[in-house]
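K.L.:
Got a predicted structure here, sequence first:
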Amino acid sequence: MSKVRATIGIDGRPLPILPPARDERVWAKLVRVMFYTPGFLAMLLLKAGEPEAFGITVELLMLSSAAAIVGGLYIGAQSSGAGEEPSSQIGTWSGSLVLELLAVVPLLCAIPALFHELAHSRLLHAVAPITLDNTLGASELLPMVAILPFMLYQLAGFGTLHFIVPKWANWTINIIIFSLIVASTIANREGEYGLEKKFAGALVVIMAFTVFYGVLKLRQMQTAYDAQCPPKAAK
């Protein structure tokens, strides 16, 4: 892939706008972080929490960890040398999409409930007979603030999704992400673990379908680009 991409194809029509070239080494490092961190948090919750209050938190953390491995497979398939073809050319983009939607989003959904569980665990915090049960109140919502820069990452054009779907669809998907995370967190606080699982489950299903569509769309765009890209000038 050349540094300066052509914008008009050999048929005179605009070429697909593909995501910019990304450093696969950075994303490979993120794979390691996203594999170990949610996995460690899941084990910590199992060790220190009360199972009836888990909701779907452990499942979300394990999904985040497992999705990082899948993202790594895509990134490892990236190729820009001899024998490259559309699938290998979109390896890093596909891997970044998996990490963004199936690793980061479930982690963001699980973190508020994880913090609540660890903060109120009777196994971690032994209560003496004269100890007052002090609640953290609204400060428990502070971990949710991480959702805001993530949405800015997506809506400001940094995310891979920005290049796959129209602007209105990108906004819609991110509003759905925000709404379902908030609804899942509220259900967890209210002890409605059945509702929490439904909200989190819907979030995961939507992210899975979006990733599935996104990877196929990226490959279609790359194929169309290669077919209509003007030949490189001889040196």
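P.N.:
Right, received. Where do you want to start?
K.L.:
ok, and what's touching stretch 15-26?
P.N.:
Outside stretch 15-26, the residues that touch it by CB atoms under 8 Å, 6 or more residues apart in numbering are 1, 5-9, 75, 78, 91-93, 95-96, 160, 162-163, 218, 221-222, 224-225, 228-229. All C-beta atoms are positioned from the backbone trio N, CA, C, and that covers glycine.
K.L.:
Any of the residues you listed buried? List them.
P.N.:
Neighbour-count burial (16 or more other CB atoms under 10 Å) is assigned, among those, to 9, 75, 78, 91-93, 95-96, 160, 162-163, 218, 221-222, 224-225, 228-229.
K.L.:
Is there a neighbour count for residue 65? I'd like the number.
P.N.:
21 (other CB atoms under 10 Å).
K.L.:
for the top helix by length along the chain, packing partners?
P.N.:
Identified as the longest helix of the chain according to DSSP state H is helix 193-228. Contacts defined by 3 or more CB pairs under 8 Å, 6 or more residues apart in numbering; DSSP states H and E place helix 193-228 against helix 57-76, helix 86-89, helix 91-98, helix 105-120, helix 167-189.
K.L.:
now it, how far from the centre of its chain.
P.N.:
11 Å (CA atoms, centre = their mean, to the nearest Å).
K.L.:
Equivalent analysis for stretch 31-42, please.
P.N.:
Using CA atoms, centre = their mean, the offset of stretch 31-42 from its chain centre is 13 Å.
K.L.:
any idea of the mean pLDDT for that stretch?
P.N.:
The average pLDDT for stretch 31-42 rounds to 86.
K.L.:
Sort out which residues of it are buried, please.
P.N.:
Within stretch 31-42, the residues that count as buried by 16+ other CB under 10 Å are 31, 34, 35, 37, 38, 39, 41, 42.
K.L.:
so which of the residues you listed comes closest to residue 150?
P.N.:
Among the buried residues of stretch 31-42, residue 34 lies closest to residue 150 (CB to CB), at 13.4 Å.
K.L.:
leaving aside the residues next to it on the chain, what's closest to the closest one?
P.N.:
Leaving out its chain neighbours, the residue that sits closest to residue 34 by CB to CB, 6 or more residues apart in numbering is residue 68, at 3.7 Å.
K.L.:
Can you tell me the number of residues neighbouring the one you found?
P.N.:
Using other CB under 10 Å: residue 68 sits among 26 other residues.
K.L.:
Looking at the buried residues of stretch 31-42, which one is closest to residue 84?
P.N.:
Closest approach between these and residue 84, by CB to CB: residue 31, at 21.5 Å.
K.L.:
Take the buried residues of stretch 31-42 and write them to TSV, including distance to residue 148 and secondary structure.
P.N.:
Formatted as TSV, the buried residues of stretch 31-42 follow (distance: CB to CB, whole Å; DSSP: H, G, I helix; E, B strand; the rest coil):
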residue	distance to residue 148	secondary structure
31	24	helix
34	20	helix
35	25	helix
37	20	helix
38	20	helix
39	25	helix
41	21	helix
42	24	helix
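K.L.:
Neighbours of residue 142, how many?
P.N.:
11.
K.L.:
brain fart, residue 166
P.N.:
9.
K.L.:
Enumerate every residue touching it.
P.N.:
With CB under 8 Å, 6+ apart, residue 166 has no contacts at all.
K.L.:
Backbone torsions only: list them for it.
P.N.:
Here is the backbone geometry of residue 166 (degrees, to the nearest 10): phi -60, psi 160.
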